[in-house]
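Provided below are the primary sequence and the corresponding predicted coordinates.
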Amino acid sequence: MPASAAIRPTILVTEDDEDMAGLLRHILHREGYDIHVAYDGRAAQTLVDTLPPPALVILDVMLPYLSGFQLVTHIRKKPDWASVPIIMLTADSNESHIVRALESGANDYVVKPFQPRELLARVRRLLQRPS
Amino acid sequence: MHLLSNPDLLVRIASWSAFAVGGLVLAMLGVISTSRLVLNLRERRRQLFLATWRPLLAESLEEPLVLLPPVSKFDGTTLLGLWNYYYESLRGDAHERLAYAAGRVGLDEIARRHLRARSRRRQLLAIATLGNLRHAESWSDLERLALHESPMLSITAARALIRIDAQRAMPALVPLFAAREDWPPATVAAMLSEAGPAVASGPLATVVDQTAIEHLPRLIRFLELADPHHGLPPVRRLLENPPEDRIIAPCLRVLARFADPHDLSRVRRYLDHPRWHIRAQAAAALGKMGTEDDVAPLTRLLVDKEWWVRYRAAQALVGLPFLDGTGLKKLTEDQKDRYARDILAQALAEKEMA
Amino acid sequence: MTLADVMGVVQVLFLAYFVLLNGGYVMLNLISMITLTRYMSEHSLTALPQAGTGLEPPISLLVPAFNEEATIAASVRSLLQLSYPEFEVIVVNDDSKDRTLDVLIREFSLRPFPEAYRVRLKTQAIRAVYQSTDHPNLRVLDKANGGKADALNAGANVARYPLLCCVDADSILQRDSLRRVVQPFLEDPRTVATGGTIRIANGCEVSGGFLVRAGLPRNLLALFQVIEYLRAFLFGRMGWSPLNALLIISGAFGLFHKETLISVGGYRPKTIGEDMELIVRLHRVLRQQGRKYRIVFVPDPVCWTQAPEDLRTLRNQRIRWQRGLSDSLMMNRALLFHRKGGAVGWLAFPFILVFEWFSPIVLVAGYAFTLTAVLTGLLSPPALLAFLAVEIGLGVLLSVSALLLEELSFRIYPKLSHVGLLFLASLLENFGYRQINSWWRLVGLYRWATGAQARWGEMKRKGL
């Protein structure tokens, strides 16, 4: 577990549902991460354009204004964000969607309904990877 | 001007009506404003409640919380909504954690109370909750609700029964799956997958013989979700002597689903059937199970007079695992008929796109 | 018989018309109130994620486009963002004179696609089918000009999915609109068409093709139209739907069972109100064939449309609507009192014929009559005052009851001050707006009658 508050890594979460965002915020926060939540694709894009790159990004596929796929493409185009790991969160187990997510530059995906522990494990795995 | 006591009767009636109408307008405005105020208060209360309970439920996923604040009866519906939302979005041991938290706050009691509510929304929430809690004591209530005329209510109840005890629920539900035309097939399919083939297959196969012919095509489609030992025999039996043309296409779908080579001759028999949708279905089935011997008959269907048959035949050919890109290209070039060439070109382009 | 007697009889006739008209609306209002209350309690389990994932049939969205180079890319982008498990978007470029097609090709990386589609509805020639390489579910048809109906028919020919959703390129859709209007298809397999509530976008905050916040327009004309739309949808359509007698689904957004749409011949090209004509024809043909079917209205707001804010545009729109209404009713007049006509042939069609199609004549005649009666002294000022009070009062009552229905259901306009403003508008519209509307519709009737005559003459010459 990350120890001191000073070096808490940041995670950008985009999720349009408030209950889900609350849940993600909570479970990630107690694992020791700082969370930024964007409730739609446009807000997420603004954060990507203004924030320093976070440790990780969790993207919902179905978002208002800009889809998760479009956001991945946008993130990968920005030089300082290009290597930020991205996890896609999708309600859709449709295989072509998953393939498309990975092809457009996501590092991993989690299908809803999901296990909080599994999500955390994947987050940890991606963060341990040397960048 | 003494409108209300005007000597002309019509004028008097009109004046009184105008007053009555005015009164009604004011009354309606009153109702609208009051309801708006009440709703605003309720919404504020809901937000306060959620602000407390979202983190509480999230925390209980990590470690069981023994002490949870009491839930006032005004907040019961909000809690049911939130709890179910989390339950449906998560899986694995999160379910046990949520069930434990539910036990601590007496969610089952809240749900039981909501079951008798007049509002349909509350009833639905209650049914979903009891299913997710595996609340066996509510079995007979849910069984009754599964027969309710409202599709929403009955489907939710059926799903709850499956969650409580799929084995016990199946024999009663499968006849409903066939007969309830108002239950969307995809919803039924989702329920059958949730129950799993081990539980669903037996009852599905048994019920084929007892199902009225008008519901048979619907039921046969669900056999695709059974295991092959239970799914195939009734279909083979039906195809021996089909009681009605309408059941043939769904039977062919089931054969294609299991793709047993023993059924090849059964499928091939229908490539020249007078009904076009049966020809199309047979072509599609061969796409899934066909051999080299089927290339020629499928190619013949490329010039069928019905577009769907040509399309399915082209898709079938393009999807055959032993025909590669060059083989298909040659096949396209060999076609003298423009229809055949066009449809093959489209199927090829679609495959490339996917 | 003296003049006064004649005037008396005429007065009673006008009164009877007035009483029947308002009585009809009150009945519709009651039906809506019951249906809506029930609907709201039945359809609010959307909070659960299970309600609506992968269960819905796939939908083909048809978007006719004519000279929309400035907006088409944004519109298509927002359509691709709709929240629905499986759908495709088919844009039909109806021979735009501007760069609509080029914009589409550039923005969505289109490339020609060899599509062996089936010509099931006869249309103008399709020049090419394009497929987007970025979006697997986006195709564009480029065809010779044939009008909106023809474009929709061409789209129907290449559509792959069992349901067709016809939308205007400039409509602002609610993100979950497809999920909402598809519900009747899931609940009743006899459903052949559904439509939802259309709202006015003026005064609302729109961003990226989606509505961010509902609001009311400052423009008075647009505000009056907000009230009109509330009345028209919340009880005009909601009231007819449970009787399976809904005669209008707006062209801005409608969902159809493809096979049924094709079996009745698709949209009729070169009509003014092709959207209404299709629905009336669906009723007529399916009734005549004795088929079991349902045409359903869902009260959910699905689409927001820009209302004209100047008199000229509004006038043209209303004239066009009246002509479209006339065409739709006349072309399908066999439905009126048809042996198998049911509620639509025996109630809705006559009601609309008498109280909507014919009403501008009665209203304008009524005003003229009242004016004469007052001038000749047959109608005393107190009587005039009393009748006017009832007339206006009932108008306001209907508007306020629409507000009440809105309160029972979706509460689109969040603030109490919105309700106050709408109430004021429903008072104000009685002084000028309603009258000028009737006048425009009368002009529409006149244009239709003269235009229709010319057309009928033509058809006679062709021996039809």
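Looks like it arrived, so ask away.

contacts, neighbours, all on C-alpha from now
Will do.

tell me who's in contact with residue B:167.
B:195, B:199, B:200 (Cα atoms under 8 Å, 6 or more residues apart in numbering or on different chains).

run a quick neighbour tally on residue 86.
Just going to use chain A. 26 (other Cα atoms under 10 Å in any protein chain shown).

um, chain C though
So residue C:86, with other Cα under 10 Å, has 16 neighbours.

wait, doesn't it sit right on residue C:59?
Yes. Between residue C:86 and residue C:59 there is a contact under Cα atoms under 8 Å: 6.7 Å.

returning to that earlier point: okay, the contacts of residue B:167 in a markdown table with pLDDT and distance to chain C next?
Converted to a markdown table, the contacts of residue B:167 look like this (pLDDT from 0 to 100; distance: Cα to the nearest Cα, whole Å):
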| residue | pLDDT | distance to chain C |
| --- | --- | --- |
| B:195 | 92 | 16 |
| B:199 | 93 | 22 |
| B:200 | 93 | 19 |
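
where does chain A have low pLDDT?
Across chain A, the ranges flagged by pLDDT under 70 are A:1-6, A:92-96, A:129-131.

then the stretch 251-354 of chain B?
Checking the stretch 251-354 of chain B against pLDDT under 70 turns up B:354.

hmm, try it at 50
Applying pLDDT under 50 to the stretch 251-354 of chain B flags no residue at all.

which positions in the stretch 151-300 of chain B make contact with chain C?
Counting by Cα under 8 Å from any Cα of the partner chain, the stretch 151-300 of chain B comes close to chain C at B:151, B:152, B:181, B:182, B:183, B:184, B:186, B:187.

quick one: which of those residues is nearest residue C:82?
Closest approach to residue C:82 among those (Cα to Cα): residue B:186, at 20.9 Å.

that closest one: how many residues sit nearby?
15.

and residue C:312, by the same measure?
9.

next: residue B:70.
9.

ditto for residue B:148
Counted with other Cα under 10 Å, residue B:148 comes out at 14.

residue contacts, the spatially most central residue of chain A?
Nearest to the mean C-alpha position of chain A, by Cα atoms, centre = their mean, lies residue A:58 at 1.0 Å. Residues near residue A:58 by Cα under 8 Å, 6+ apart: A:11, A:12, A:13, A:14, A:86, A:87, A:88, A:89.

give me the element the first one is part of.
In this structure, residue A:11 is located in strand A:10-14 according to DSSP states H and E.

any residue of that strand touching chain B?
No. If you take Cα under 8 Å from any Cα as the test, strand A:10-14 misses chain B, and the best it gets is 15.9 Å.

check which helices and strands that strand sits against.
Using 3 or more Cα pairs under 8 Å, 6 or more residues apart in numbering or on different chains; DSSP states H and E as the contact test, the elements touching strand A:10-14 are helix A:18-30, strand A:34-38, strand A:56-60.

before we move on, back to that, can you flag which of the residues of the stretch 151-300 of chain B next to chain C belong to helices?
B:151, B:152, B:186, B:187 (DSSP state H).

list buried residues within those.
Neighbour counting by 16 or more other Cα atoms under 10 Å in any protein chain shown classes B:151, B:152, B:187 among those as buried.

could you export those as a markdown table, including distance to chain A and pLDDT?
Compiled in a markdown table, these are given as follows (distance: Cα to the nearest Cα, whole Å; pLDDT from 0 to 100):
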| residue | distance to chain A | pLDDT |
| --- | --- | --- |
| B:151 | 24 | 80 |
| B:152 | 22 | 81 |
| B:187 | 16 | 83 |
